[in-house]
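S.K.: fold the stuff below for me.
(chains A and B)
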Amino acid sequence: MSELFFNESVILLDVEGNSKEEVLAAIGNNLVDRGLVKESFVPAIIKREGEFATGLPTAGVSVAIPHTDVEHVNKKTISIAVLKNPVDFVIMGDDSETTPVQLVFMLAMDEAHSQLSLLQKLMQVFQEEDTLKYLVRQTDKSKIKSLLEEKLDFVALEGGER
Amino acid sequence: MAKQVLVACGAGIATSTVVNSAIEELAKENNIKVDLKQIKIAEVGAYVDTADLLVTTAMTKTEYPFPVINARTFLTGIGVEDTKKQILDELQK
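M.R.: So this is what the prediction gives:
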């Protein structure tokens, strides 16, 4: 299993957008620019979010975990975006209700049915109100990076250096 | 015979992995044998004749001949005990 790419370049602060589509495009295009995903990733993730919403009304701060099929991904990564203002996402498994999302974890996965422990730890983070509030308030990307590395317990592949 | 439980999400890649593992653990704790199938929601049709239960994080408007349980609580942690009980009730029927 290849390692996960994660560093400050996929942590975005103060992301602005008037709709979930704008927000998803902003986060996704950053991944395209870094060669982590293919250009097809952005339209695919927007389409997928329309079909299968990923907003989660978690304690304190609502989150969304947009993701799409593996064929759009070059390198596995998790991109974290703190939104300047909350943007409504449809709630997962619900076609009518929305939740004001302020924290987006965009998952770029390169193999199906993988990463169980990482995903489980991520969902664990969603259940920690204090951690979510800390992430939303944080202005230092390196602190977000170290907190998530600790919480998700992964060894990040930093730009292919190790 | 072990009940066949479908665990589905939109892409069959992220949330179903977590839900699948949670049900596996739940069944183990209660000594129930289950036949878990982790799939995309679009693939449910292939199992209509064999499945006993569908647990999903994705929305579904289709009517199925078996119960459907929403598993979002496994991701948010809010109300997860209720969902576990619902699943357990179905598995013990």
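S.K.: so who does the residue of chain B at minimum distance from chain A touch?
M.R.: Here the residue of chain B nearest chain A is residue B:10; by CB to the nearest CB that distance is 2.6 Å. Where you see a C-beta, it was placed from the backbone N, CA and C, and this is true even at glycine. For residue B:10, the contact set (CB atoms under 8 Å, 6 or more residues apart in numbering or on different chains) comprises A:48, A:51-52, A:54, B:40-41, B:57-58.
S.K.: reformat those residues as TSV; add distance to residue A:36, neighbour count and secondary structure.
M.R.: Rendered in TSV, the data for the contacts of residue B:10 read as follows (distance: CB to CB, whole Å; neighbours: other CB atoms under 10 Å in any protein chain shown; DSSP: H, G, I helix; E, B strand; the rest coil):
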residue	distance to residue A:36	neighbour count	secondary structure
A:48	17	19	helix
A:51	23	13	helix
A:52	22	24	coil
A:54	19	31	coil
B:40	23	17	strand
B:41	27	23	helix
B:57	25	26	coil
B:58	25	25	coil
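S.K.: isn't residue B:52 right up against residue B:1?
M.R.: No: when contacts are counted by CB atoms under 8 Å, residue B:52 is not listed as touching residue B:1 (9.6 Å).
S.K.: who has more neighbours out of the two?
M.R.: Neighbour comparison, residue B:52 and residue B:1: the larger count goes to residue B:52, with 19 against 6 (by other CB atoms under 10 Å in any protein chain shown).
S.K.: find the nearest non-adjacent residue to that one, please.
M.R.: residue B:3 (4.1 Å; CB to CB, 6 or more residues apart in numbering or on different chains).
S.K.: beta partners of the one you found?
M.R.: Listed by DSSP bridges, the beta-bridge partners for residue B:3 are residue B:34.
S.K.: residues from chain A in reach of chain B?
M.R.: Applying CB under 8 Å from any CB of the partner chain, we find that chain A lies next to chain B at A:48, A:51-54, A:56-59, A:65, A:67-70, A:91-95, A:107, A:109, A:112-116, A:119-120, A:123, A:126-127.
S.K.: now, of the residues you listed, which are buried?
M.R.: A:48, A:52-54, A:56-58, A:65, A:67-69, A:91-94, A:107, A:109, A:112, A:114-115, A:119, A:123, A:126 (16 or more other CB atoms under 10 Å in any protein chain shown).
S.K.: now do the SS call for residue A:107.
M.R.: At residue A:107 the chain is in strand, as set by DSSP: H, G, I helix; E, B strand; the rest coil.
S.K.: which residue packs closest to it, ignoring adjacent ones?
M.R.: Using CB to CB, 6+ apart, the nearest residue to residue A:107 is residue A:67, at 3.9 Å.
S.K.: before we move on, what about residue B:7?
M.R.: Per CB to CB, 6+ apart, closest to residue B:7 is residue B:20, 4.5 Å.
S.K.: again with residue A:90
M.R.: Per CB to CB, 6+ apart, closest to residue A:90 is residue A:53, 3.5 Å.
S.K.: what sits against that neighbour?
M.R.: A:89-95, B:59.
S.K.: buried stuff in the biggest strand by length in chain A?
M.R.: Assignment by DSSP state E gives strand A:77-90 as the longest strand of chain A. Buried residues in strand A:77-90, counted by 16+ other CB under 10 Å: A:77-83, A:87, A:89-90.
S.K.: same deal with stretch A:101-112?
M.R.: A:101-110, A:112.
S.K.: can you name every helix or strand that the helix or strand of chain B with the lowest mean pLDDT contacts?
M.R.: Every helix and strand in chain B was compared by mean pLDDT, DSSP states H and E; the lowest is helix B:73-76, with a mean of 91. Other helices and strands packing on helix B:73-76, by 3 or more CB pairs under 8 Å, 6 or more residues apart in numbering or on different chains; DSSP states H and E, are helix A:116-126, helix B:15-29, helix B:80-91.
S.K.: who touches it?
M.R.: Residues from elsewhere that reach helix B:73-76 (CB under 8 Å, 6+ apart): A:56-59, A:65, A:92, A:123, A:126-127, B:15, B:18-19, B:22, B:57, B:79-80, B:82-83.
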